[in-house]
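In: build me a model:
(3 chains)
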Amino acid sequence: MSLLQLAWKNISGNRLRSWVVVLCALLVAAFALFATLLLRGAAASLELAANRLGADIVVVPEGAETEMEGALLMGVAAQFWMPKENVAKLADIPGVEAVSPQIYLATLKNASCCSASEMFMVAYDPQTDFTIRPWLQRQQHAELGLGQVVGGHNIFPTEGDDGLLVYGDVVKLSGNLEPTGTGLDQSIFFTLDTARDIARVSETRAKQPLTVPEDQVSAVLLKTKPDTNIGELAMRIFRALPGVYPIQSANLFRSARTQLNSLLRAVVIVLALIWPLAILLIGMVYLMAANERRRELGVLRALGATRRFIAESLLAEAGMLAFCGASIGVFLAVLAIYLFRRLIMVSLGVPFLLPSPGALAVQIGIGLLLTMFSVFLAVLLPAIKISRQDPAIAMRE
Amino acid sequence: MKTVLGLVMIVAALVLAIAPAFTDCESAGKMLTTADGRSVSMKCHWAGVAEVAAAIPLGIAGIFALRSRRKETIRFAAIIGVAAGAMAVLLPTALIGTCGNAMMLCNVLMKPIELSAGIIAMVASAALFFVARDQEVTAAPAVSA
Amino acid sequence: MIRLEDVSKVYELGKGNTVAAVRGVSLAIGAGEFAAIVGRSGSGKTTILNLAAGLTRPTAGRVTFDGVDLWKLTDQQQSHLRSRKIGFVFQFPSLLPTLTVHENVILPTRFGANGPSPDAPQRAEAMLRRVGLAEKLSSYPRQLSVGQQQRVVIARALINQPQLLLADEPTSNLDEKTEMEILGLFRELHASLGVTIVLVTHTRQLVTSGMKAIEMADGRIVEASTTAGPAGNAARLPLDLTQ
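Out: Numbering: from 1, shown residues only, chains lettered A, B, ... in the order given. Okay, the predicted model is just below:
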């Protein structure tokens, strides 16, 4: 009979004790992996969204920073305006290499003339744009023409094979962008000319016409010259243009990052409580087991088992239980994250991107190993203590 | 063990049957408006209704798992449980589906809940199949005339 | 074969309390002998057995097996010796409850320098047949009577064909009829296998002809003799049985 077979027999012989160890391992593995996937997924999503914008500074009307963040992160439609003349003024500030205005629009709420309710729409100037066109080129889409839009990952056609109804106008969905896990996945992008065309059609076909002001813009994206200090440039913009707010890309999604940090803190605290408790509980279970099985282990020594065999058989038992518990925990964590990712985004207000299969496999592996290591740690001292018991004393009543 | 698994199956069945009523788009007041102005339920609602068809056999299988002492009966209940769980998973995905917009309530809440319950039902039923064994039946003492 | 030279064992009970279970005992059991250690409860009989098997370290003195000091061996060497050369029959139910009868009997073959031998299952079956339990291979200990369990323990103790069998009050929990059956089994095994047996008992009536009887009280040997055969040739032995 092998060590593992003997360990399995002992596990089956005491279901309650075994389930306690499995449950502890399950909780540690599930919580640790769930939290890791959540935090890394949110951070990756924020990183991707910030990189996708491609701008070093985003200038918005003062007070509109939070609305801007909500639109980009969660796809919450936002509309704010500032004078179009700010674009030229910003271009003249030393250190600015390129500027490109964007207009933020939204479809109507629950109106039949729009196929999606309150969808965030971004109109860009193709002459000056340096953010959206690179995405299109990277994904091998052609430049957008009149009446054409490109959608975030979750946008799908509702009129025929490739049409979307926007303010009564059917626009062609030319393609979808790669997912970011943010509100950009629920948004559409088109040129300013297309925006004006939609506005013209909406006058007769929409429940409420779309207004695209000629003399206003929502935001201006800035690219800085090399070696320009972005922080100092932001201060220059602040001083030169009252009524605007320059958001540096590093500070983009500040509230989401703060939220993420709070989440991280909460997770660390909970893990710091769960992990040692689980180890203590498992250690206690095995100390109790040592007492209960004292005589049995003494008999094994009398039959010729070495101290090392006794310790190894206890560690094998704990290892099998830990692996079982950790596997179930990891499976539940991955299932929960995958199935409930949208609920997590909505409830916590953080974006989320699933990791690639390779990255997921690595995180699962780390989760399993860490949990099994924790259980071994918990059982090591009891196992050594039990194995060193005087067999004659162990067998006494 | 079979008691625990049977209870898991029954709870999963209850979740499958009840959850859609509170988590489909219709529960949030969203319905489809037809060309002639009528409001009709969206497909997520029908997927939720169809889940009851999966929940009933699953619940019955769970009850059998709890009460039966015969290995064959328990294994049969386990097979039904796996099939019902699979149906619960397929209904909101491949068979009927849910709304297209990923951020609608049915996709955010209803579908994950149904899929979780379906997967858990399948795993519990599969485990039940393997742990099923004949239970010892205590015979009533013979009564002499 | 087994020799205890001026051996003492003091147990620490904590808070400075100690109990001297064995005091200055010298004892030699030769190969092929059948010895019985008798005495009241607390006389040190079980401790002598534990010392002989190396299950507890003597506080003073030396324990040797075939001339080798047990406590100069490593844990691995001692365990190997116990596995291959010494069989133990315990007073309490000592079968592992999670293993079947067959698995319990095979268990000692798992230990030892070369690991389990491939014919261990067959040897276990043969041993169980010998003790009259061939039909109970797949049963669990809880499904056997106390007497049947003790037979399994004897089979387990003999699976590795040990040179020495130590039996600590093997019949104390049995009824008289079963007790006689078990003792008969010991006698039969001693006669047929030639295994050296040391039997601990508190009942002098169990000491039969041809057995070396060692009486203990308060941790010391108080009397030693060989029992009379039918011709009544009982002999008193010196208390220092190493001479």
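In: and the helices in the stretch 101-250 of chain A?
Out: Using DSSP state H, counting those that start in this stretch, the helices found in the stretch 101-250 of chain A span residues A:132-138, A:192-205, A:230-240.
In: quick check: residues of chain C near chain A?
Out: C:11, C:47, C:50, C:53, C:55-57, C:75-76, C:79-80, C:82-84, C:88, C:90, C:92, C:94, C:96-99, C:103, C:106-108, C:110-112, C:116, C:156 (Cβ under 8 Å from any Cβ of the partner chain). (Each C-beta comes from the backbone N, C-alpha and C, glycine too.)
In: just the local confidence number for whichever residue of chain A sits closest to chain C, please.
Out: Distances between chain A and chain C by Cβ to the nearest Cβ are smallest at residue A:304, namely 2.5 Å. Residue A:304 carries a pLDDT score of 89 in this model.
In: helix or strand for the nearest residue to it once chain neighbours are set aside, which one?
Out: Nearest residue to residue A:304, sequence neighbours excluded (Cβ to Cβ, 6 or more residues apart in numbering or on different chains): residue C:83, at 2.5 Å. Using DSSP states H and E, residue C:83 sits in helix C:75-85.
In: which residues are in contact with that helix?
Out: Applying Cβ atoms under 8 Å, 6 or more residues apart in numbering or on different chains, the contact partners of helix C:75-85 are A:301-309, C:53-55, C:65, C:70, C:73, C:88, C:108, C:111-113, C:160, C:162-164.
In: stretch A:250-257 too?
Out: A:42, A:46, A:49-50, A:53, A:58, A:65-66, A:69, A:72-73, A:230, A:349-351.
In: among these, name the buried ones.
Out: A:42, A:46, A:49-50, A:53, A:58, A:65, A:69, A:72-73, A:230, A:350-351 (16 or more other Cβ atoms under 10 Å in any protein chain shown).
In: for residue A:321, see how far away residue A:85 is.
Out: Separation of residue A:85 from residue A:321 (Cβ to Cβ, to the nearest Å) stands at 70 Å.
In: of these two, give the one with the bigger neighbour count.
Out: residue A:321 (27 against 12; other Cβ atoms under 10 Å in any protein chain shown).
In: mind listing what that one touches?
Out: For residue A:321, the contact set (Cβ under 8 Å, 6+ apart) comprises A:11, A:18, A:21, A:22, A:25, A:375.
In: mind giving me TSV with those residues and columns for neighbour count?
Out: As requested, these are exported to TSV (neighbours: other Cβ atoms under 10 Å in any protein chain shown):
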residue	neighbour count
A:11	21
A:18	21
A:21	26
A:22	22
A:25	28
A:375	29
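In: of the residues you listed, closest to residue B:118?
Out: Proximity of the contacts of residue A:321 to residue B:118 (Cβ to Cβ) peaks at residue A:22, which lies at 23.5 Å.
In: now the closest one: which helix or strand?
Out: helix A:15-53.
In: now stretch C:188-196: buried residues?
Out: Buried residues in stretch C:188-196 (16+ other Cβ under 10 Å): C:189, C:190, C:195, C:196.
In: from those, pick the one nearest chain B.
Out: Closest approach between these and chain B, by Cβ to the nearest Cβ: residue C:189, at 36.8 Å.
In: got a list of what that closest one touches?
Out: So residue C:189 contacts C:154, C:158, C:165, C:195, C:197 (Cβ under 8 Å, 6+ apart).
In: need the pLDDT of the fourth one.
Out: Note for residue C:195: predicted pLDDT of 87.
In: correct me, but it touches residue C:167?
Out: No - counting by Cβ atoms under 8 Å, residue C:195 does not reach residue C:167; the two are 10.9 Å apart.
In: gap between the residue in chain B that chain A sits nearest to and residue A:326?
Out: Relative to chain A, the nearest point of chain B is residue B:112 (3.7 Å; Cβ to the nearest Cβ). The spacing between residue B:112 and residue A:326, counted by Cβ to Cβ, is 23 Å.
In: who has more neighbours, the two?
Out: residue A:326 (27 against 23).
In: roughly how far apart are residue C:33 and residue A:105?
Out: From residue C:33 to residue A:105 the distance is 105 Å (Cβ to Cβ).
In: neighbour count winner among these two?
Out: residue A:105 (23 against 18).
In: burial measure for the closest residue to chain B within chain C, as a count.
Out: Closest contact between chain C and chain B, by Cβ to the nearest Cβ, is at residue C:143 (12.1 Å). Residue C:143 has 12 neighbours, counted by other Cβ under 10 Å.
In: now it, nearest residue through space, not along the chain?
Out: Excluding the flanking residues, the one nearest residue C:143 by Cβ to Cβ, 6+ apart is residue C:136, at 7.9 Å.
In: enumerate every residue touching the one you found.
Out: Residue C:136 touches C:101, C:128, C:143, C:144, C:148, C:152, counting by Cβ under 8 Å, 6+ apart.
In: enumerate the residues of the stretch 51-200 of chain A near chain C.
Out: Counting by Cβ under 8 Å from any Cβ, the stretch 51-200 of chain A has no residue next to chain C.
In: how about chain C: which residue is closest to chain A?
Out: For chain C, Cβ to the nearest Cβ, closest residue to chain A: residue C:83, 2.5 Å.
In: would you turn the buried ones among the contacts of stretch A:250-257 into TSV with pLDDT?
Out: Conversion of the buried ones among the contacts of stretch A:250-257 to TSV gives the following (pLDDT from 0 to 100):
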residue	pLDDT
A:42	86
A:46	81
A:49	77
A:50	77
A:53	74
A:58	90
A:65	85
A:69	82
A:72	80
A:73	77
A:230	87
A:350	76
A:351	81
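In: look up how far residue A:292 lies from residue C:56.
Out: 21 Å.
In: who has more neighbours, the two?
Out: Set residue C:56 next to residue A:292 and count neighbours by other Cβ under 10 Å: residue C:56 wins out with 23 against 12.
In: what about the more buried one, which helix or strand?
Out: Using DSSP H and E, residue C:56 falls outside every helix and strand.
In: that one touches residue C:49, doesn't it?
Out: No - using Cβ under 8 Å as the test, residue C:56 is too far from residue C:49 to be in contact (9.7 Å).
In: show me the two of the contacts of stretch A:250-257 that sit farthest apart.
Out: A:230 and A:349 (26.6 Å).
In: partners of the helix or strand encompassing residue C:197 in the sheet?
Out: Assigned by DSSP H and E, residue C:197 belongs to strand C:196-201. Strand C:196-201 sits in its sheet next to strand C:34-39 (parallel), strand C:164-168 (parallel), going by DSSP bridges.
In: tell me how far it lies from the chain's centre.
Out: 5 Å (Cα atoms, centre = their mean, to the nearest Å).
In: just to revisit the earlier point, and the gap between the residue nearest to residue C:143 and residue C:102?
Out: Per Cβ to Cβ, residue C:136 is found 9 Å from residue C:102.
In: identify the contacts common to these two.
Out: With Cβ under 8 Å, 6+ apart, residue C:136 and residue C:102 have common neighbours residue C:128.
In: lowest-confidence helix or strand of chain A?
Out: helix A:132-138 (a mean of 78; mean pLDDT, DSSP states H and E).
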